[in-house]
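**Q** using only what follows, build the 3D model:
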Amino acid sequence: MSLEKLPLILIRFAAAGNMLIHGIARIANDGVTPFDGFLSSLGFPPYSAWVITLFEIAGAVLLMFNRWVIPISIMFILQLLMGIILVHGREGWFVVGAGRNGIEYSVLLIICFISTAWNARAKH
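**A** Okay, the predicted model is just below:
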């Protein structure tokens, strides 16, 4: 591995690690069922929260191993955009401080996944 590649590898690992932790924490804190209830109230099919949660875990691990980088990055981007549309957008920009539960963190992750996919595309 060259030092030139290290910054983008760190971005890929940081973004994937955040999604991995998010999925694991949802399971560990018994958050899947309430999340599924929320999604069901919006018309999503049953067990959507389990599909999302397991994808967060499996997709993150695959990204860390540099596998299926472009499709997984795109799926994470779409997931984060849906989170902005369904939850975070109405809360404004800030996650903490000048606001709460806003979109700034999601936007940062989206940019990380765009960079990750772009870098993977440049390799082909």
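
**Q** identify the residues contacting the longest helix belonging to the chain?
**A** In the chain, with assignment by DSSP state H, the single longest helix is helix 6-28. With CB atoms under 8 Å, 6 or more residues apart in numbering as the test, helix 6-28 has contacts from 1, 31-32, 35, 49, 53-57, 59-61, 63-64, 66, 69, 76, 109, 112-113, 115-116, 119. Where you see a C-beta, it was placed from the backbone N, CA and C, and this is true even at glycine.

**Q** show me which of those are buried.
**A** Listed as buried from the contacts of helix 6-28 are 32, 49, 53, 55-57, 59-60, 63, 69, 76, 109, 112-113, 115-116, 119; burial here means 16 or more other CB atoms under 10 Å.

**Q** pull the number of nearby residues for Leu80.
**A** 22 (other CB atoms under 10 Å).

**Q** where does this protein have low pLDDT?
**A** By pLDDT under 70, the low-scoring segments of the chain are 1, 124.

**Q** ok, Glu56 to Lys123 distance?
**A** Applying CB to CB, to the nearest Å, the value for Glu56 to Lys123 is 24 Å.

**Q** what about the helices in the protein?
**A** 6-28, 32-41, 48-64, 69-83, 104-123.

**Q** can I get those helices in CSV with distance to Gly97?
**A** Compiled in CSV, those are given as follows (distance: least, CB to CB, whole Å):
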stretch, distance to Gly97
helix 6-28, 19
helix 32-41, 25
helix 48-64, 26
helix 69-83, 20
helix 104-123, 10
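
**Q** report the contact partners of the closest residue in space to Phe76 that isn't next to it in sequence.
**A** Leaving aside its chain neighbours, Phe76 sits nearest to Phe113 (5.0 Å; criterion: CB to CB, 6 or more residues apart in numbering). Counting by CB under 8 Å, 6+ apart, Phe113 makes contact with 15, 73-74, 76-77, 80.
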